[in-house]
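A.B. asks: I would like to see how this sequence folds:
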Amino acid sequence: MLRSCCLLLVAFGCLVSFGSPSPGSNLEKRDDNLPARVPYVFPPPGTDPIADAIRARRTNGTLLDLDGVLLNAPLIAQGEDDLFGVIRDNNTLPPAMRELFILRIAVLNNASYEWLQHESVGRMAGLTTEQLLAIRLAPPFFASQGVNLTSILGADLVAAMTFTDWITKNVHVPDDVFNALKTFLNDSQLVEATATAAGYSFISRFVVALNVDAKMDVPVPVPT
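C.D. replies: Model (predicted):
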């Protein structure tokens with residue numbers, strides 16, 4: 001029944017147009033390079049050690065529009081790169097769960113830029129189109145509304161998504177929600193999960209407030 005609902009929602013989404021098509025698995029083109037609320041700062045390679053450090057972490061050594069906005073404040077850019085170099089690239093979370101945290105936050109905060117950057121990463125981490133649809137279309141606090149996604153996401157990702165909804169929309173996470181996630185993660189991973197959810201909530205607010213790549217008013221796409 002839930003699968004039928006998802007298919008109906010997708011069909012409805014196509015009719016009312018939820019935005020641009022989802023990116024494929026090719027990560028080379030990550031931005032449309034549309035204006036933000038501040039100018040992009042892209043120092044040439046070899047001229048700025050902070051920008052070069054960020055390049056070293058990026059696919060093909062290419063700075064993102066997010067980086068170009070951050071580099072207006074170089075120390076902020078440096079701190080963000082150091083922090084997310086750990087949160088994104090050096091944690092022990094299951095990759096699919098990590099990307100679920102990020103994508104679900106993009107949905108909850110209508111941060112289409114964040115979704116567009118990570119949908120293809122989520123697919124490479126193992127998230128299926130059906131799972132991406134559940135992440136994109138399920139209402140906040142879905143479990144309390146009687147929506148059971150276990151057959152699609154599995155119990156571990158349901159626990160992760162429920163946790164994400166609470167930490168993002170309510171900040172206060174109830175014990176039962178935290179303990180459900182704790183079933184699947186050790187103490188170190190629980191800290192990593194919380195840092196990932198909190199950190200990408202910051203990123204979502206940052207990219208929306210500064211209209212990075214002119215995506216502030218673009219709805220989060222429905223995956224196909």
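
A.B. asks: mind naming the longest helix for this protein?
C.D. replies: Longest helix of the chain, by residue count under DSSP state H: helix 187-209.

A.B. asks: buried sites along it?
C.D. replies: Across helix 187-209, burial judged by 16 or more other Cβ atoms under 10 Å covers 189-190, 192-197, 199-201, 203-204, 206-208. Quick note: C-beta positions are derived from backbone N, CA and C, even for glycine.

A.B. asks: what ranges does the protein have for its strands?
C.D. replies: Counting by DSSP state E, the chain forms no strands at all.

A.B. asks: show me where it has helices.
C.D. replies: 2-16, 49-57, 65-70, 74-87, 95-108, 112-124, 129-137, 150-169, 175-182, 187-209.

A.B. asks: just send those helices back as CSV, with mean pLDDT and distance to Asp32 too.
C.D. replies: Shown next, in CSV, are those (pLDDT from 0 to 100; distance: least, Cβ to Cβ, whole Å):
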stretch, mean pLDDT, distance to Asp32
helix 2-16, 40, 21
helix 49-57, 96, 20
helix 65-70, 97, 8
helix 74-87, 96, 21
helix 95-108, 98, 16
helix 112-124, 97, 9
helix 129-137, 98, 20
helix 150-169, 98, 26
helix 175-182, 98, 35
helix 187-209, 98, 13
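
A.B. asks: closest to Pro219 out of these?
C.D. replies: Counting by Cβ to Cβ, Pro219 lies closest to helix 112-124 out of those; the figure is 6.4 Å.

A.B. asks: counting by contacts, list what that closest one packs against.
C.D. replies: Here helix 112-124 touches helix 65-70, helix 95-108, helix 129-137, helix 187-209, going by 3 or more Cβ pairs under 8 Å, 6 or more residues apart in numbering; DSSP states H and E.

A.B. asks: so what's the gap between it and the chain middle?
C.D. replies: A distance of 6 Å separates the centroid of the chain from that of helix 112-124, by Cα atoms, centre = their mean, to the nearest Å.
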